[in-house]
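Enquirer: coordinates for the following, if possible.
(one chain, ligands or ions: 3)
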Amino acid sequence: MQGGIGGKNIILRLEISTEHIQFGQLITLVNEHGGDVIAIDVIRTSEKATVRDITVTIADPAEIDRMITRIKKAQGVKVLSISDRTFLLHLGGKIEMQPKVPIQNRDDLSRVYTPDVARVCMAIHEEQDKAFRLTIKRNTVAVVSDGSAVLGLGNIGPYAAMPVMEGKAMLFKQLGSVDAFPICLDTQDTEEIIKAIKQLAPAFGGINLEDISSPRCFEIEQRLRDELDIPVFHDDQHGTAVVLYAGLINALKVVGKALSDVKIVVCGIGAAGVACTKILLSAGAVNIIGVDRNGALTADETYEHPMWNWYAQHTNPERLSGTLSEVLKDADVFIGLSAGGILQREDVKRMKEAPVLFTMANPVPEINPEDVEDIAGVIATGRSDYPNQINNVLCFPGIFRAALDCRAREINEEMKLAAAEAIASTIRPDELNKLYIIPGVFNEGAVQQVRKKVIQAAIASGTARRVPRDFR
Ligand SMILES: NC(=O)C1=CN([C@@H]2O[C@H](COP(=O)(O)OP(=O)(O)OC[C@H]3O[C@@H](n4cnc5c(N)ncnc54)[C@H](O)[C@@H]3O)[C@@H](O)[C@H]2O)C=CC1
Ligand SMILES: CC(=O)C(=O)O
Ligand SMILES: [Mg+2]
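Expert: Numbering: from 1, shown residues only. Ligands and ions are numbered 1, 2, ... in the order given. From the prediction side, this is the model:
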């Protein structure tokens with residue numbers, strides 16, 4: 001994957017010789033490639049040439065390179081720079097640190113810093129729990145990645161992972177008022193990652209693990225959960241699982257089926273596939289069959305991957321074997337967390353009537369929704385350009401808001417189920433339909449509802465160390 005021009009909006013800085021070409025000719029050229037000029041800024045002008053920034057929006061990104069090639073060849077035009085709006089938005093990073101109070105005089109200085117700060121330090125030294133009251137720990141989460149499984153891009157390393165982690169930090173703040181720090185570690189060694197996160201933990205009230213590949217993600221998360229007293233949550237596992245379950249609650253209502261009765265095929269038994277299966281089992285699903293590259297996982301086989309042995313023993317009650325296509329026969333639900341384009345229309349036709357298809361591979365879903373919309377009961381994808389987007393951003397701001405507010409020791413199963421039910425319940429029965437099973441990302445009610453239900457679950461399950469004022 002190249003870091004070149006990939007967006008739909010680009011800004012071209014052009015030096016245009018007034019003698020050789022008219023501006024209208026350039027606009028025509030842009031239009032010929034399906035582009036529209038949406039802004040023109042004059043940067044400088046002289047008798048012979050004008051330098052302008054031309055913002056172009058283009059429907060088919062594949063046309064961008066062809067258009068630029070023609071502009072470069074046009075007589076009297078020099079392309080000085082090409083940028084896209086996405087890259088411009090990333091210049092210098094997307095977040096910054098802001099003090100809460102200004103330091104205006106010596107008195108302020110001595111209170112925020114030495115000598116007075118020493119009294120605060122000693123108060124925490126005497127009672128460590130005071131770190132939650134007297135430092136940023138109370139409202140701060142570390143978003144930690146090793147860059148090993150970034151979105152669907154694979155192992156692109158810690159530097160390239162940073163834009164995603166910065167984006168997550170923005171979403172934490174905007175949607176959940178949680179201060180989040182992006183941290184990308186320059187190691188992919190399990191023990192080193194665990195050690196580094198434990199060493200960072202004093203500053204944070206929670207750890208959001210992000211884009212760490214399976215199977216290492218399972219051990220890293222479990223060890224940190226055991227060894228730290230703050231919530232540790234692998235978002236790609238549990239955030240995805242919470243939102244998937246929320247979507248499935250509503251999808252099954254649309255098709256009039258019960259979770260305990262349906263046959264569910266999960267394709268892609270990695271980080272997300274395992275976590276989605278676990279939440280569905282906790283919620284009462286009985287007949288789940290996992291499929292990976294070599295077909296269905298069954299207790300009749302032994303696997304190298306310890307998680308797959310666990311998986312095979314806790315799913316597939318009829319011990320089905322065979323390919324995805326074979327085990328899909330008479331299935332009610334398909335959950336894809338694998339790779340783009342691997343599901344065929346013929347496979348969907350073998351499923352029961354009104355099949356529910358959650359084709360969540362990013363950026364290309366397991367099947368193109370247009371190919372099966374006439375035969376599917378409900379379709380959801382991971383993308384924002386189709387209805388029913390299943391994305392963990394619907395979960396992590398609210399679930400961490402809740403965990404911080406009640407100072408939860410962990411984010412447990414009860415809290416995850418409560419989050420899923422809260423997300424599902426933000427869609428009223430009269431709103432629910434096959435194209436609207438899950439709230440949109442900017443639905444403010446969803447975050448508040450998640451916070452409320454997750455705090456209740458944390459208190460009821462005994463993991464809350466504080467009852468927030470609005471719950472007293
Ligand atoms: N919509 C969302 O919010 C999310 C979507 N995803 C998507 O789910 C997919 C998996 O993500 P992770 O679980 O993090 O990755 P992972 O690498 O841990 O797991 C992927 C699994 O899919 C299997 N797989 C690959 N090709 C397959 C095929 N042709 N047939 C059957 N199995 C196949 C792999 O062997 C692996 O076990 C990615 O495309 C990712 O973008 C992941 C997390 C959240
Ligand atoms: C959504 C997300 O966290 C991912 O694709 O990795
Ligand atoms: Mg992720």
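
Enquirer: residue numbers of this protein in contact with ligand 1?
Expert: With C-beta under 6 Å from any ligand atom as the criterion, the chain comes near ligand 1 at residues 149, 151-152, 213-214, 236, 240, 267-273, 291-293, 337-339, 342, 360-362, 382, 390-392. C-beta: built from backbone N, CA, C; applies to glycine.

Enquirer: so of these, which ones are in strands?
Expert: Residues of the residues of the chain next to ligand 1 located in strands (DSSP state E): 267, 291-292.

Enquirer: pLDDT and neighbour count added to these, as TSV?
Expert: Formatted as TSV, those follow (pLDDT from 0 to 100; neighbours: other C-beta atoms under 10 Å):
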residue	pLDDT	neighbour count
267	97	27
291	98	27
292	97	19
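
Enquirer: let me have those in JSON lines, extended by distance to residue 104.
Expert: What follows is these, written out as JSON lines (distance: C-beta to C-beta, whole Å):
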{"residue": "267", "distance to residue 104": "60"}
{"residue": "291", "distance to residue 104": "63"}
{"residue": "292", "distance to residue 104": "61"}
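
Enquirer: out of the residues you listed, which touch ligand 3?
Expert: Applying C-beta under 5 Å from the ion, the subset of these adjacent to ligand 3 is empty.

Enquirer: which one of those is nearest to residue 193?
Expert: Checking these against residue 193 with C-beta to C-beta, the nearest one is residue 292 at 24.7 Å.

Enquirer: show me the strands in this structure, by range?
Expert: Using DSSP E, strands in the chain cover 9-17, 35-45, 49-58, 77-84, 140-145, 179-184, 206-209, 232-234, 263-267, 287-292, 295-296, 333-336, 356-359, 378-381.

Enquirer: got any ranges where the stretch 301-450 of the chain has weak pLDDT?
Expert: Applying pLDDT under 70 to the stretch 301-450 of the chain flags no residue at all.

Enquirer: now do the same contact list for the residue in it positioned nearest to ligand 1.
Expert: For the stretch 301-450 of the chain, the residue closest to ligand 1 is residue 382, as judged by C-beta to the nearest ligand atom, at 2.8 Å. Counting by C-beta atoms under 8 Å, 6 or more residues apart in numbering, residue 382 touches 360-363, 365, 389-391.

Enquirer: do the same with residue 389
Expert: 380-383, 438, 440-441.

Enquirer: which stretches of the stretch 101-250 of the chain form helices?
Expert: Listed in chain order, the helices of the stretch 101-250 of the chain (DSSP state H, counting those that start in this stretch) span 106-112, 117-126, 131-134, 157-176, 190-200, 216-227, 240-255.

Enquirer: tabulate these (CSV), appending mean pLDDT.
Expert: Converted to CSV, the helices of the stretch 101-250 of the chain look like this (pLDDT from 0 to 100):
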stretch, mean pLDDT
helix 106-112, 95
helix 117-126, 98
helix 131-134, 97
helix 157-176, 97
helix 190-200, 98
helix 216-227, 97
helix 240-255, 98
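
Enquirer: can you tell me which of these is packed in deepest?
Expert: Comparing the helices of the stretch 101-250 of the chain by mean neighbour count (mean count of other C-beta atoms under 10 Å), helix 240-255 comes out on top with a mean of 25.

Enquirer: tell me if that helix is near ligand 2.
Expert: No - using C-beta under 6 Å from any ligand atom, helix 240-255 never reaches ligand 2; the gap is at least 7.0 Å.

Enquirer: and that helix, what does it pack against?
Expert: helix 271-282, strand 333-336, strand 356-359, strand 378-381, helix 413-425 (3 or more C-beta pairs under 8 Å, 6 or more residues apart in numbering; DSSP states H and E).

Enquirer: any chance of these in a markdown table, with mean neighbour count and distance to residue 101 too?
Expert: Output for these, formatted as a markdown table (neighbours: other C-beta atoms under 10 Å; distance: least, C-beta to C-beta, whole Å):
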| stretch | mean neighbour count | distance to residue 101 |
| --- | --- | --- |
| helix 271-282 | 23 | 41 |
| strand 333-336 | 27 | 49 |
| strand 356-359 | 28 | 47 |
| strand 378-381 | 26 | 45 |
| helix 413-425 | 23 | 34 |
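
Enquirer: and ligand 3, which of these is closest to it?
Expert: Ligand 3 sits nearest to helix 271-282 of all the helices and strands packed on helix 240-255, at 8.8 Å, using C-beta to the ion.

Enquirer: compute the inter-axis angle for the closest one and helix 240-255.
Expert: Helix 271-282 runs at 60 degrees relative to helix 240-255, counting by axes from the mean of the first three to the mean of the last three C-alpha atoms, to 10 degrees.

Enquirer: what mean pLDDT does helix 271-282 have?
Expert: Averaged over helix 271-282, pLDDT sits at 95.

Enquirer: what residues are up against whichever residue of the stretch 251-400 of the chain sits closest to ligand 1?
Expert: Sorted by distance to ligand 1 under C-beta to the nearest ligand atom, the residues of the stretch 251-400 of the chain start with residue 270, at 1.7 Å. Contacts for residue 270 (C-beta under 8 Å, 6+ apart) come out as 214, 337-338.

Enquirer: just want the phi and psi numbers for it.
Expert: Note on residue 270: its backbone torsions stand at phi -110, psi -150 [degrees, to the nearest 10].

Enquirer: over to residue 344?
Expert: phi -110, psi 150.

Enquirer: so it touches residue 367, yeah?
Expert: Yes - when contacts are counted by C-beta atoms under 8 Å, residue 344 is listed as touching residue 367 (7.2 Å).

Enquirer: list the buried ones in stretch 328-341?
Expert: For stretch 328-341, a neighbour-count test (16 or more other C-beta atoms under 10 Å) marks 328, 331-338, 340 as buried.

Enquirer: any residue of it up close to ligand 2?
Expert: No - judged by C-beta under 6 Å from any ligand atom, stretch 328-341 and ligand 2 are separated, with a smallest distance of 10.0 Å.

Enquirer: show me how far that stretch is from its chain's centre.
Expert: 21 Å (C-alpha atoms, centre = their mean, to the nearest Å).

Enquirer: again with stretch 175-189
Expert: The answer for stretch 175-189 is 13 Å, by C-alpha atoms, centre = their mean.

Enquirer: check stretch 350-368 too.
Expert: 19 Å.

Enquirer: gap between the two ends of that stretch?
Expert: When the termini of stretch 350-368 are compared using C-alpha to C-alpha, to the nearest Å, they are 17 Å apart.

Enquirer: take the strands of the chain and write them to JSON lines, including distance to residue 399.
Expert: Output for those, formatted as JSON lines (distance: least, C-beta to C-beta, whole Å):
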{"stretch": "strand 9-17", "distance to residue 399": "33"}
{"stretch": "strand 35-45", "distance to residue 399": "38"}
{"stretch": "strand 49-58", "distance to residue 399": "36"}
{"stretch": "strand 77-84", "distance to residue 399": "33"}
{"stretch": "strand 140-145", "distance to residue 399": "11"}
{"stretch": "strand 179-184", "distance to residue 399": "13"}
{"stretch": "strand 206-209", "distance to residue 399": "9"}
{"stretch": "strand 232-234", "distance to residue 399": "7"}
{"stretch": "strand 263-267", "distance to residue 399": "22"}
{"stretch": "strand 287-292", "distance to residue 399": "23"}
{"stretch": "strand 295-296", "distance to residue 399": "32"}
{"stretch": "strand 333-336", "distance to residue 399": "21"}
{"stretch": "strand 356-359", "distance to residue 399": "20"}
{"stretch": "strand 378-381", "distance to residue 399": "20"}
